[in-house]
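1. take a look and give me a structure for this.
(chains A and B, ligands or ions: 2)
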Amino acid sequence: MKIIVCIKQVPDTANVRLDPETHTLKREGVESIVNPFDLFALEAALRLREELGGAITAITMGPPQAAEVIKEAIGYGVDDGLLVSDRAFAGADTWATTRALAAAVEHLGGADLIVCGKQAVDGDTAQVGPGLAQRLDLPQVAFVKGWREISDGHLVLERQMDDGFDVVRLPLPGLITVVREVGEPRPPSLKGKMRAKKYQVPAVGAAELGLDPAEVGLAGSHTEVVKVFAPQAGGDRLMLGGTAEEAGARVIDLLVEAKVIAGGA
Amino acid sequence: MGIIIDQSLCTGCETCLEQCAYDALEMVDDTARVNDNCNLCRACIDICPVEAISLEETRRQADERTAAASGVWVFAEQRDGTMPEVVAELLGQGRRLADQLGCQLAAVLLGHAVEPLAAELFAQGADTVYLADDPRLEHFNDDIYCQILARLIGRDQPEILLAGATALGRSLIPRVATAAATGLTADCTGLAIDPGPRTLLQTRPAFGGNIMATIVCPAARPQMATVRPRVMKAAEPQLGRSGRLVPVELAPEDTSRTEVLEVVRAIDEQVNLTGAEVVVTGGRGLGDAEGFELVRRLARALGGVVGATRGAVDAGWIGHAHQVGQTGRTVAPRLYIALGVHGAVQHVVGMQGSENIVAVNTDPAAPIFEVATHGIVGDLFEVVPAMLKRLEQTRG
Ligand SMILES: Cc1cc2nc3c(=O)[nH]c(=O)nc-3n(C[C@H](O)[C@H](O)[C@H](O)COP(=O)(O)OP(=O)(O)OC[C@H]3O[C@@H](n4cnc5c(N)ncnc54)[C@H](O)[C@@H]3O)c2cc1C
Ligand SMILES: Nc1ncnc2c1ncn2[C@@H]1O[C@H](COP(=O)(O)O)[C@@H](O)[C@H]1O
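-> Ligands and ions are numbered 1, 2, ... in the order given. The predicted model follows:
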């Protein structure tokens, strides 16, 4: 079984706070991390390899420093990595991102299964997985929370929906995106960490992938960001004073008055 | 192409360095420079106090689709013959956009034995309903749904296509946008028309809700967006309103590679967070699993569902299905009550779209109060019983 996992390097939003006065980001030594959802993708791939055998390659598109996340993936136990990096890729929307990732998958000779995280926490789009599946003409199951049956030919997966879940059969080759429930990521192994230290991350750019700079990055994107601004402050805020008894009663009265909740019998 | 810093204007104030989340700006000879980490996210451009930073523009080629496209389409998602409320919200917003553009509003309905839903869609403002009714569409499979939608888009060329940012929508629509070779903006909370170029201004939170971004798709058509549930105003249904029903035939070769074997409705407890009118959320301030009894009582009294912070979930007090926030569900109910919740950004991004937010916390400096509409500094174990008592009194 040949598995490719797509992982992204993102800024660690846990340390980002909004300045309440100026509504700008306050960064105190914000580090780059592996997108938290992609750790579940790595875990899912490792579990599948344990059952089915085969090899896992982790790929990432990003600036040169994104090689770090490939090394981390090696530490978790993947077999190989690939950094897809080129100045021409900067500013890519999800359409241009999937173009580059699809080319990287083909460069690696394809896969039986591609695993993506549910979404990246910087853009929060959740679009790259399904977009990549369409680019490669693969069947997909998004938001996978577990599986019931696995083999080299197909997977029977549980797909999270808003009102429960579906059990879906996915023939391979195919693509899945995974959510947290697939399993808590294991810690990196000592052996993996040793290997990561020495691992030379292979890298490819637009030219090696046969990509025209006009079809990737900002130039190859359909969407354009026209404005970035701070979210509005919480509107009118009312702090209710008095004793707990008074404040509790008052807030109910206000909500009934504003018809947010029903009063009367 | 890239970010340009006018060195003659830069005062070396370093505001942009603080703002950049990618470590892409550095000081060289007392002025800011861009390095290879730049992701072209543009956060620095608007923040520069002396307007020294700009983006070198590229002119996007308008393609032949731009002129030919017309009409606003709404994807009328349904599961087992029921449409989530977001469909009515999309039609409400779609109607406003269509009226502004002076064009038609259409709904696209895919499924099996779902024709009765067409009347609802007309009542909610659709001029046209495209109906693909076929046993092959009974269950949601991405590939066959994508094929049908992409083919319709190619044939009739809408100017705009909206879908709900639901699990189904966020699985299917990125695939459709890719098949239609156009742009897609995820999880929008604001939509407006720029009347000159007739472009759709799509506003959405990014970066864990820390910043808002307005995004356009200048050349390719349709302009596609998924829209967060419970943000747009739903259409008032006009009973008896009718329109044009356009049947869509499937081709013999339309098949799905994936197969749905079973559909399992709402898990153990009722936690349809996304569709709830009222969400009562407990955090670590509850102290232990028993504290959730109080949360449940208030939720029951208000006809709402129970939410939780990751802090409470990680402590093992309640199941993960209840988690609200970046790694949980995104909710935007009419009323959100946060009890003993600190208000970490990862939590706030999942609930800040709520219409009314009541926060109860002993710590007056807790950031949850920054997004609250009604804040109470106090002990939840005293405040919540008082709320329950008052509710009983008013309801008699
Ligand atoms: C990548 C990542 C993703 C994350 N995703 C999520 C997510 O999806 N959802 C989420 O919620 N979190 C998420 N988190 C975690 C988040 O950063 C916080 O740790 C978490 O939300 C804190 O939960 P809490 O507010 O319940 O706990 P705490 O931070 O411990 O806050 C408890 C609050 O209760 C108050 N309190 C205590 N006793 C009382 C009392 N008797 N009466 C009233 N108030 C009282 C305290 O003053 C305090 O403000 C994520 C973190 C990371 C790094
Ligand atoms: N630049 C990238 N390199 C590798 N994988 C990516 C990249 N961007 C997104 N992905 C994958 O696609 C998923 C969804 O990302 P997004 O659509 O950006 O929210 C992530 O969880 C990753 O698995």
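2. strands along the stretch 151-300 of chain B, start to end?
-> Assigned by DSSP state E, counting those that start in this stretch, the strands in the stretch 151-300 of chain B fall at B:160-164, B:184-188, B:190-194, B:199-206, B:211-216, B:223-227, B:244-247, B:259-265, B:278-282.
3. the stretch 51-200 of chain A too?
-> Using DSSP E, counting those that start in this stretch, strands in the stretch 51-200 of chain A cover A:55-61, A:80-84, A:113-117, A:140-150, A:154-161, A:164-171, A:174-178.
4. put the alpha carbons of the first one into CSV.
-> Pointing back at strand A:55-61 there. C-alpha atoms of strand A:55-61 as CSV (Å, rounded to 0.1, in the frame of the first residue of the first chain):
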residue,chain,number,x,y,z
ALA,A,55,5.2,3.0,2.7
ILE,A,56,4.1,6.5,3.6
THR,A,57,5.4,9.7,1.9
ALA,A,58,4.6,13.1,3.5
ILE,A,59,4.4,16.0,1.1
THR,A,60,4.2,19.7,1.9
MET,A,61,4.0,22.8,-0.3
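5. helices of chain B, start to end?
-> Taking DSSP state H to define them, one finds helices in chain B at B:15-19, B:43-47, B:64-68, B:86-101, B:116-123, B:142-156, B:167-179, B:292-301, B:310-314, B:345-348, B:368-371, B:380-395.
6. could you tell me the least trusted of these?
-> Note on the helices of chain B: lowest mean pLDDT is at helix B:64-68, with a mean of 73.
7. and that helix, anywhere near chain A?
-> No: Helix B:64-68 is not in contact with chain A by CB under 8 Å from any CB of the partner chain; minimum separation 11.0 Å. For the C-beta atoms, the positions are set from N, CA and C on the backbone; glycine is no exception.
8. can you tell me what sits against that helix?
-> B:157, B:182, B:219-221 (CB atoms under 8 Å, 6 or more residues apart in numbering or on different chains).
9. ok, the one residue in the stretch 151-300 of chain B that gets nearest to chain A - how many residues close by?
-> When scored by CB to the nearest CB, the stretch 151-300 of chain B has B:G183 as its residue closest to chain A, at 3.1 Å. B:G183 has 26 neighbours, counted by other CB atoms under 10 Å in any protein chain shown.
10. am I right that it is in contact with A:T223?
-> Yes: counting by CB atoms under 8 Å, A:T223 is a contact partner of B:G183 at 3.8 Å.
11. what's the overlap in contacts for these two?
-> Common neighbours of B:G183 and A:T223 (CB under 8 Å, 6+ apart) are A:93, A:95, B:217.
12. the last one: how many residues sit nearby?
-> B:C217 has 27 neighbours, counted by other CB under 10 Å.
13. also the one 4 residues further on?
-> Using other CB under 10 Å, B:R221 is surrounded by 26 other residues.
14. any idea how far it is from B:G154?
-> 11 Å (CB to CB, to the nearest Å).
15. now for these two: what residues contact both?
-> Joint contacts of B:R221 and B:G154 (CB under 8 Å, 6+ apart) do not exist.
16. check which residues of stretch A:162-171 are buried.
-> For stretch A:162-171, the neighbour count (16 or more other CB atoms under 10 Å in any protein chain shown) marks A:162-170 as buried.
17. I'd say A:S32 and A:D12 touch.
-> Yes: assessed by CB under 8 Å, A:S32 is found in contact with A:D12 at 6.9 Å.
18. who's more crowded, those two?
-> Taking other CB under 10 Å, A:S32 and A:D12 do not tie; A:S32 has more neighbours (19 against 16).
19. pLDDT score assigned to the more buried one?
-> Value for A:S32, per-residue pLDDT: 86.
20. is it in a bridge, and if so with what?
-> Using DSSP bridges, the bridge partners assigned to A:S32 are A:P11.
21. and it, how close does it get to A:P64?
-> Applying CB to CB, the value for A:S32 to A:P64 is 12 Å.
22. ok, now B:A107?
-> Taken as CB to CB, the span from B:A107 to A:P64 is 47 Å.
23. neighbour-wise, which of the two wins?
-> Of the pair B:A107 and A:P64, B:A107 is the one with more neighbours under other CB under 10 Å, namely 28 against 14.
24. from the shared contacts of B:G183 and A:T223, which is closest to ligand 2?
-> A:D93 (9.5 Å; CB to the nearest ligand atom).
25. show the model's pLDDT score for that closest one.
-> 93.
26. my guess is it contacts A:A219. True?
-> No: here A:D93 lies out of contact with A:A219, judged by CB under 8 Å, at a distance of 11.0 Å.
27. have a look at those two and say which one is more surrounded.
-> A:D93 (24 against 17).
28. roughly how far does the more buried one sit from B:A312?
-> Taken as CB to CB, the span from A:D93 to B:A312 is 36 Å.
29. domain ranges for chain A, per the record?
-> The record's domain parsing of chain A by automatic domain parsing lists A:2-215, A:235-265.
30. quick check, the shortest one touching chain B?
-> Yes: using CB under 8 Å from any CB, domain A:235-265 comes into contact with chain B via A:235-240, A:244-249, A:251-256, A:258, A:260-265.
31. what does the biggest helix by length in chain A rub up against?
-> Taking DSSP H as the criterion, chain A has its longest helix at helix A:36-52. Residues from elsewhere that reach helix A:36-52 (CB under 8 Å, 6+ apart): A:1, A:3, A:5-8, A:34, A:55-56, A:58, A:69, A:73, A:76-78, A:113, A:115-121, A:144, A:150-152, A:176-180, A:182-186, B:327.
32. angle of it against strand A:174-178?
-> Counting by axes from the mean of the first three to the mean of the last three CA atoms, to 10 degrees, helix A:36-52 lies at 130 degrees to strand A:174-178.
33. circling back to that earlier point, and the helices of chain B as JSON lines, adding mean neighbour count?
-> What follows is those, written out as JSON lines (neighbours: other CB atoms under 10 Å in any protein chain shown):
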{"stretch": "helix B:15-19", "mean neighbour count": "19"}
{"stretch": "helix B:43-47", "mean neighbour count": "21"}
{"stretch": "helix B:64-68", "mean neighbour count": "13"}
{"stretch": "helix B:86-101", "mean neighbour count": "22"}
{"stretch": "helix B:116-123", "mean neighbour count": "20"}
{"stretch": "helix B:142-156", "mean neighbour count": "20"}
{"stretch": "helix B:167-179", "mean neighbour count": "27"}
{"stretch": "helix B:292-301", "mean neighbour count": "18"}
{"stretch": "helix B:310-314", "mean neighbour count": "19"}
{"stretch": "helix B:345-348", "mean neighbour count": "24"}
{"stretch": "helix B:368-371", "mean neighbour count": "22"}
{"stretch": "helix B:380-395", "mean neighbour count": "19"}
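34. in chain A, which spans are helices?
-> Ranges of helices within chain A are A:36-52, A:67-76, A:94-107, A:128-135, A:190-198, A:244-257, based on DSSP H.
35. report the distance from the second one to the chain centre.
-> With CA atoms, centre = their mean, to the nearest Å as the basis, helix A:67-76 stands 15 Å off its chain's centre.
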